[in-house]
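**Student:** Sequence plus the predicted model coming up.
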There are 2 protein chains.
Amino acid sequence: MKISTMAVIMAMTDEAKPFIEALELKKLACGLGDALPMEVYTGSVEGANLIVVVGGKDQRFGVDNVATQPATLSAYLAIEQFKPDLLINAGTAGGFKAKGAEIGDVYIGSGAIRFHDRRIPIPGFDGYGVGSYKTPDVDKVAEVLGLKKGVVSTGNSLDMTPEDQRMIEANQGAVKEMEAAAIAWVAELYDIPLVALKAITDLVDTDTPTQDEFMQNLKFASERLQKKLTDAVHCFAGEGIA
Amino acid sequence: MKISTMAVIMAMTDEAKPFIEALELKKLACGLGDALPMEVYTGSVEGANLIVVVGGKDQRFGVDNVATQPATLSAYLAIEQFKPDLLINAGTAGGFKAKGAEIGDVYIGSGAIRFHDRRIPIPGFDGYGVGSYKTPDVDKVAEVLGLKKGVVSTGNSLDMTPEDQRMIEANQGAVKEMEAAAIAWVAELYDIPLVALKAITDLVDTDTPTQDEFMQNLKFASERLQKKLTDAVHCFAGEGIA
């Protein structure tokens, strides 16, 4: 499929800044609406329109609007306002040493995108809770760009409780992050393919507390993410997506 | 404050049906947009416009769109499309025997509405994760309508892990449910008061599995909810909210 408009959804300013600067994107003054904190940047890549929506800051706490609620709204508004034919959710994430992840690796969502913190043990609701949103065929782009592939597993917390861990294992999750499944739910409603691109800041199955490793590696991982995301948007704009 | 338009956000059809029937609300054919599963019902109460947004069904799983992602979108669209001056999130919830809750009790959110499943142990992000959205002064309406008052605590799961329990205790949560804090986040962005009205289907601090008690008491609690919600919309339409 040839791509005419790509919308990239990113939660954190620090994750997005290297990419916005590298592609010299311009900030849209109106954002997504006066009441909303999201920031919008636009540009073009090989003839395709490129939109980046960043979550912006929480008014009271002054921190980035992470987790699934802002991501849901960003995805919905990116779709309604810019009519993209491809969504990309780019950001940082936790990886698993046991699955061969290293700090700075960039994964592309493959197989499925699932929730690990929506446990609803009633028939039908259990499957709905996990979601298991499909991913496009990313084998070729993963090979060309040197990306690791894996199931992305989403929850609203940075830490990992034993129950989260059990669910991530059941999800066959290789990447643990906080937004992708919410965006995938909206993408499914509109039947728009979603590519998840996640750079590893921390290894969640080691003894170092996630928050320490995350803060320490955020800049490095965001630079790595920028390079692969730049390659990816060029690839999608030029060759499209399967 | 005199109310001219109230928007009631409800996740489940079974929760909403008694209220929609009792007030003879009419279904809006266009809903919230072609791609979206939400259903919209409209009517009027004592001269005020009444809008009810119900989450609708998931296409793949055939179950109600519960949890915080659909609730976020319902709240946003209810606000943008109908410009309410009061939001009400009505539904069923878990209560705590230790706090004196009984099946069928209807609580009104008082003190705060908080998340218990967004654990982000980084300064600033920790407070953002919990949210602590303010509630309007509901003392009078609680007294007039015979409602219990308490902090509403929101998470994306029906069950309660030890970590959830610890967070709910830290939240001083009296009501455990799955949507209110997401709606409260959107309400705060638009500076619209949010009243949470929650009927207790199950006592989460007893040995009976939540899902069994929930299914068993859903109809009874939804009938109880209908009565109190009907009283509440009449009260708000007539006397307004502090």
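**Tutor:** Nice, I can see it.
**Student:** Excluding chain neighbours, give the residue nearest to residue A:12 in space.
**Tutor:** Excluding the flanking residues, the one nearest residue A:12 by CB to CB, 6 or more residues apart in numbering or on different chains is residue A:64, at 4.2 Å. To be clear about C-beta, it is placed using only N, CA and C from the backbone, and glycine gets the same treatment.
**Student:** Okay, and the beta partners of the one you found?
**Tutor:** residue A:57 (DSSP bridges).
**Student:** Would you mind measuring from it to residue A:39?
**Tutor:** 11 Å (CB to CB, to the nearest Å).
**Student:** what is in contact with the two at once?
**Tutor:** Common contact partners of residue A:64 and residue A:39 (CB atoms under 8 Å, 6 or more residues apart in numbering or on different chains): A:13, A:56.
**Student:** if we can go back for a sec, residues near the residue nearest to residue A:12, how many?
**Tutor:** 23 (other CB atoms under 10 Å in any protein chain shown).
**Student:** contacting residues around it?
**Tutor:** Residue A:64 touches A:11, A:12, A:13, A:14, A:55, A:56, A:57, A:58, B:125, counting by CB under 8 Å, 6+ apart.
**Student:** ditto for residue A:237
**Tutor:** A:3, A:6, A:45, A:46, A:47, A:48, A:50.
**Student:** Also residue A:98?
**Tutor:** Contacts of residue A:98 (CB under 8 Å, 6+ apart): residue A:205.
**Student:** Next, it: phi, psi?
**Tutor:** phi -60, psi -20 (degrees, to the nearest 10).
**Student:** distance of it from chain B?
**Tutor:** Noted for residue A:98: a distance of 22 Å to chain B, by CB to the nearest CB, to the nearest Å.
**Student:** do residue A:39 as well
**Tutor:** Taken as CB to the nearest CB, the span from residue A:39 to chain B is 14 Å.
**Student:** Quick check on that residue: phi, psi?
**Tutor:** Dihedral pair for residue A:39: phi -110, psi 140, per degrees, to the nearest 10.
**Student:** Pretty sure it sits against residue A:54.
**Tutor:** Yes - here residue A:39 reaches residue A:54: they are 4.6 Å apart, a contact under CB atoms under 8 Å.
**Student:** Between these two, tell me which one has more neighbours.
**Tutor:** Between residue A:39 and residue A:54, counting by other CB under 10 Å, residue A:54 is the more crowded of the two (28 against 20).
**Student:** Now do the contacts for the more buried one.
**Tutor:** Counted by CB under 8 Å, 6+ apart, residue A:54 has contacts A:10, A:11, A:12, A:13, A:16, A:20, A:38, A:39, A:40, A:41.
**Student:** pLDDT score for the third one?
**Tutor:** Per-residue confidence (pLDDT) for residue A:12: 98.
**Student:** Roughly how far does it sit from chain B?
**Tutor:** Residue A:12 is 10 Å from chain B, by CB to the nearest CB.
**Student:** try the fifth one
**Tutor:** Between residue A:16 and chain B the distance, using CB to the nearest CB, works out to 17 Å.
**Student:** State the helix or strand in which that residue lies.
**Tutor:** Here residue A:16 sits within helix A:13-22, counting by DSSP states H and E.
**Student:** helices or strands up against that helix?
**Tutor:** Secondary-structure packing of helix A:13-22 (3 or more CB pairs under 8 Å, 6 or more residues apart in numbering or on different chains; DSSP states H and E): strand A:5-10, strand A:39-45, strand A:48-54, strand A:86-95, helix A:210-239.
**Student:** Does residue A:175 touch residue A:95 like I think?
**Tutor:** Yes - if you go by CB under 8 Å, residue A:175 and residue A:95 touch, sitting 6.4 Å apart.
**Student:** I'd like to know which elements the host helix or strand of residue A:73 is packed against.
**Tutor:** Residue A:73 belongs to helix A:68-82 when assigned by DSSP H and E. When contacts are defined as 3+ CB pairs under 8 Å, 6+ apart, helix A:68-82 packs onto strand A:5-10, strand A:48-54, strand A:86-95, helix A:180-190, helix B:68-82, helix B:180-190.
**Student:** Which pLDDT value goes with the most centrally placed residue in chain A?
**Tutor:** Computing the C-alpha centroid of chain A and ranking residues by CA atoms, centre = their mean puts residue A:89 first, at 3.1 Å. Note on residue A:89: pLDDT of 98.
**Student:** give me every residue that touches it.
**Tutor:** Listed by CB under 8 Å, 6+ apart, the contact set of residue A:89 reads A:8-10, A:71, A:75, A:109, A:179-180, A:183-184, A:194-197.
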